[in-house]
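> I'd like to go over a predicted model; first the sequence, then the structure.
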Amino acid sequence: MLPADLHTHTEFSWDTATGDMEGSCARAVELGLPAIAFTEHTDFVTWQVTPDTLPDRLRQHITDDVHLVPPPLDVTGYLAAIDRCRSRFPSLRIITGVELGEPHWFAAETAALLGAAPFERVIGSLHSLAVAGRHRLVEDEFVVRGVPTVLREYFAEAIRMIHACDAFSALTHLDYPVRYLPAGATFAITDFEEEIRAVLRALAGTGRALEVNTRRGPEPEFVHWWRQEGGRAICFGSDAHRPDLVATGFADAAAMVESAGFRPGRHPHDHWLL
């Protein structure tokens, strides 16, 4: 049995035009997944962006030509869709959730959201850097500054997020910036071992889980360093923004995690533990 996919997105995530909750449930059943979590994007940030570099689906959220303002999550519509899917797919455990972007910068907004609905799963993510009083997506900041500088600032900000916010139970896609390296740039994980280990050590100290995100193919070093730095829990997320990508690469990811000594939890949807 494949692990539960605990990080997916549907039509309720503002950044996707291909999400489909019912389609993702059908795909999960087809694959024999024990559970799926719909962790929709919740971003309270306003990004300063370069509009020409954005996909068309995101440009509708641009204001005054340079700022990207994500819309709020439709909590009522989302929960109604969850109920419909639970009725239609009774054999599948369907877990409510949110992906909090930069929650340490928006403590009040985060608390209000989590107090408004019974979200079962809350994951934390970092997509941005705070630069000179403005918020910039990592991919835009790469254009302005060198890759090593941006990556080191990203890992340092991840530590600040871990220490400042306890609202999330798992840290997702620590390799997020690597998805968006400029053309011709290369990434060797060992060049940033010290910085990455510091993030993992901070996370392990809080007792939370590290997500193995399969969107770009997980780095085995993340899992081995996680264990060495005291990490005891692993979860899996495809970060799928459309149904056919649910649980992509999970067989290989599970084998890799198992080789590092982690085993499935008591229930199929639980975190894997040492």
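Yes, it's here. Numbering: from 1, shown residues only.
> with just CA atoms, put the lowest-mean-pLDDT helix or strand in the chain into PDB.
Lowest on mean pLDDT, DSSP states H and E among the helices and strands of the chain sits helix 56-59, with a mean of 76. As requested, the backbone C-alpha atoms of helix 56-59 are provided in PDB (Å, rounded to 0.1, in the frame of the first residue of the first chain):
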ATOM      1  CA  ASP A  56      -1.500  33.700 -17.000                       C
ATOM      2  CA  ARG A  57      -3.600  32.000 -14.300                       C
ATOM      3  CA  LEU A  58      -2.000  34.200 -11.600                       C
ATOM      4  CA  ARG A  59      -2.200  37.600 -13.400                       C
END
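> residues making contact with it?
The list of residues contacting helix 56-59 from outside it, by CB atoms under 8 Å, 6 or more residues apart in numbering, reads Asp15, Thr16, Ala17, Pro51, Leu68. (C-beta placed from N, C-alpha, C; glycine too.)
> any idea how far His61 is from Leu151?
Relative to His61, Leu151 is positioned 26 Å away (CB to CB, to the nearest Å).
> of those two, which one has the most company?
Leu151 (20 against 16; other CB atoms under 10 Å).
> so for the helix or strand where the more buried one lies, mean pLDDT?
When elements are defined using DSSP states H and E, Leu151 is found to belong to helix 147-164. The average pLDDT within helix 147-164 is 98.
> report the buried residues of stretch 112-131.
Burial within stretch 112-131, assessed by neighbour count using 16 or more other CB atoms under 10 Å, is assigned to 113-114, 119-129.
> now the end-to-end length of it.
With CA to CA, to the nearest Å applied, stretch 112-131 spans 26 Å between its terminal residues.
> stretch 116-136 now?
Between the opening and closing residues of stretch 116-136 lies a distance of 28 Å (CA to CA).
> now it, how far from the chain's geometric center?
Averaged C-alpha coordinates place stretch 116-136 at 10 Å from its chain's average position (CA atoms, centre = their mean, to the nearest Å).
> can we start the residue count at 190 from this point?
Shifting the count to begin at 190 puts that one at stretch 305-325.
> which of the contacts of helix 245-248 sit farthest apart?
Across these, the longest distance by CB to CB is 18.8 Å; it joins Thr205 and Pro240.
> neighbour-wise, which of the two wins?
For Thr205 and Pro240, the more surrounded residue by other CB under 10 Å is Thr205, and the numbers stand at 18 against 12.
> list the contacts of the residue lying closest to the more buried one once chain neighbours are set aside.
The spatial neighbour of Thr205 that comes closest, neighbours along the chain excluded (CB to CB, 6 or more residues apart in numbering), is His430 at 4.1 Å. For His430, the set of contacting residues under the criterion of CB under 8 Å, 6+ apart consists of His198, Ser202, Asp204, Thr205, Thr207, Gly208.
> any of these buried? List them.
His198, Ser202, Asp204, Thr205, Gly208.
> state the next helix or strand along the chain beyond the helix or strand hosting Ile284.
When secondary structure is defined using DSSP H and E, the element that contains Ile284 is strand 282-290. Stepping forward along the backbone from strand 282-290, the first helix or strand reached (DSSP H and E) is helix 296-305.
> helices and strands around that next one, which ones?
In terms of contact count using 3 or more CB pairs under 8 Å, 6 or more residues apart in numbering; DSSP states H and E, helix 296-305 is assigned the packing partners strand 282-290.
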